[in-house]
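> Pasting the sequence and the predicted model now:
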Amino acid sequence: MFITEASLAGKLRHPHIVKVFDAGSEGDMHYIVMEYVSGQTLKQFCDPSHLLPIDDVVEIFFKCSDAFGYAFRQGLVHRDVKPANLLLGAGTDIKISDFGAALMTDSELSQVMDAVGTPSYMSPEQISGRKLNHQTDIYSLGVVIYQLLTGRLPFTGSNQFELCQMINQHPVPPLERLRSNIPVALRKIVHRCLEKRPEDRFPSWSALTKELGLVHERLEVPGQSVSDTMKFSILKRLHFFRNFTDVELWEVLGISKWHRFDEGTTLLQEGKIGGSFFILASGQARINKGGSVVGELTDGQCFGEMAYIHGTERPRSASVVSHSKVLVIKILASALHDAPDHLQARFNQELLRTLAERLEKTTLLVSAL
């Protein structure tokens with residue numbers, strides 16, 4: 001297990017997975033250097049008297065699903081998903097830890113193949129010692145979410161043998177019997193994760209993540225701050241971010257600020273000094289220069305990017321005014337300059353493509369005169 005965990009140093013780079021920086025040996029001492037996460041595990045929120053709000057649980061579910069999907073694409077099945085291995089920082093900032101029991105699907109190393117894990121959270125196939133894939137982690141995460149929603153495990157027993165029998169043979173107690181206000185769509189997702197047969201669960205992590213995003217959209221209350229789940233789902237749909245990976249999209253959330261504005265709001269003032277740039281997440285806006293309308297913006301289009309491209313704060317060349325209610329993403333120039341090189345390169349690539357498209361349109365208009 002130590003070798004498994006140590007081998008992950010530098011391999012997993014996802015905002016919702018605890019980073020492993022280094023590992024090694026000094027004499028008789030073996031060590032792993034990991035990211036420090038302030039906060040607590042999800043264990044204390046599995047108590048019926050200390051449950052999290054349902055929308056927070058869905059967001060945690062969503063982030064974990066995306067992170068486990070990333071790990072599986074790197075060839076890993078966790079095999080020990082439980083509340084104690086899910087670390088919660090501020091808000092819903094979740095981090096998956098302890099890959100010591102992970103099954104490396106693409107490795108030739110000798111690995112522990114017995115029933116590794118914590119019995120209450122193990123899938124039927126894991127208990128039976130059958131071949132495992134990502135769907136065993138989907139089952140275990142389903143158990144965790146069931147417990148976060150109700151304060152109870154789906155199965156308990158007076159001893160380990162009885163518990164294993166329950167997991168293998170008994171149906172999952174319906175969520176609505178334990179908590180009546182859980183949305184029907186969410187109940188269906190959790191119960192599908194807990195199906196006895198792997199093939200009856202979600203076929204992939206991405207399929208589960210997609211369904212959770214749809215559920216969370218229904219839970220969003222207009223006018224409230226935008227949740228991370230909603231932000232991520234919006235970024236996935238916007239044309240500007242079509243070439244960004246999921247990991248890069250989570251990194252975008254870390255360097256951006258999101259704001260809602262009413263119709264008629266000046267989003268960018270001509271002549272005002274600025275360095276950051278913006279992307280219209282939803283709604284429409286108009287570009288004004290010298291009091292005249294010179295263009296229109298729709299969702300997925302950026303504006304104010306020239307200051308960032310020039311590398312210095314400079315006067316804005318035009319004003320941008322919302323033409324409807326809008327949701328605007330502000331990309332902080334200073335934060336982007338401090339971001340990983342791969343993220344800067346991705347932004348620069350998309351901004352250059354945007355400028356090229358605008359130049360092409362301008363050339364066509366001029367040629368038509």
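Happy to help now that I have it.
> Sketch out the helices for the stretch 1-150 of the chain, chain order is fine.
2-6, 54-73, 124-127, 134-150 (DSSP state H, counting those that start in this stretch).
> Ok, which of those comes nearest Val328?
For Val328, the closest of those is helix 54-73, at 21.7 Å, according to CB to CB. The way it works is simple: take the backbone N, C-alpha and C, and place the C-beta from them, glycine included.
> now the closest one, how far from the centre of its chain.
On the basis of CA atoms, centre = their mean, to the nearest Å, helix 54-73 sits 6 Å off its chain's mean C-alpha point.
> Return the list of helices and strands in contact with that helix.
Secondary-structure packing of helix 54-73 (3 or more CB pairs under 8 Å, 6 or more residues apart in numbering; DSSP states H and E): strand 86-88, strand 94-96, helix 134-150, helix 205-219, helix 228-237, helix 246-255.
> let's see it at 6 Å
strand 94-96, helix 134-150, helix 205-219 (3 or more CB pairs under 6 Å, 6 or more residues apart in numbering; DSSP states H and E).
> comparing these, which gets the lowest mean pLDDT score?
With a mean of 90, helix 205-219 has the lowest mean pLDDT of those.
> Give the buried residues for that one.
Buried residues in helix 205-219, counted by 16 or more other CB atoms under 10 Å: 205, 208-209, 211-213, 215-216, 219.
> Among those residues, give me the pair with the biggest separation.
Greatest spatial distance in these: Trp205 and Leu219, 20.8 Å, computed using CB to CB.
> hang on, the earlier thing: quick one, which of the helices of the stretch 1-150 of the chain gets closest to Ser233.
Per CB to CB, nearest to Ser233 of the helices of the stretch 1-150 of the chain: helix 54-73, 8.7 Å.
> For that closest one, the averaged confidence score.
Rounded mean pLDDT across helix 54-73 is 94.
> ok, now stretch 26-39?
Per-residue scores along stretch 26-39 average to 87.
> so Val172 sits in a helix?
No. Looking at Val172 with DSSP: H, G, I helix; E, B strand; the rest coil, it is coil, so not inside a helix.
> excluding its backbone neighbours, what's nearest Leu103?
Setting aside the residues directly before and after it, Leu103 is nearest to Val77 in space (CB to CB, 6 or more residues apart in numbering), at 4.3 Å.
> for Ala285, that is, sorry about that
Using CB to CB, 6+ apart, the closest residue to Ala285 is Leu297 (4.4 Å).
> Neighbours of that neighbour, how many?
Neighbour count for Leu297, taken as other CB atoms under 10 Å: 22.
> same question, the one 4 residues further on
Burial of Gln301, expressed as a neighbour count using other CB under 10 Å, amounts to 18.
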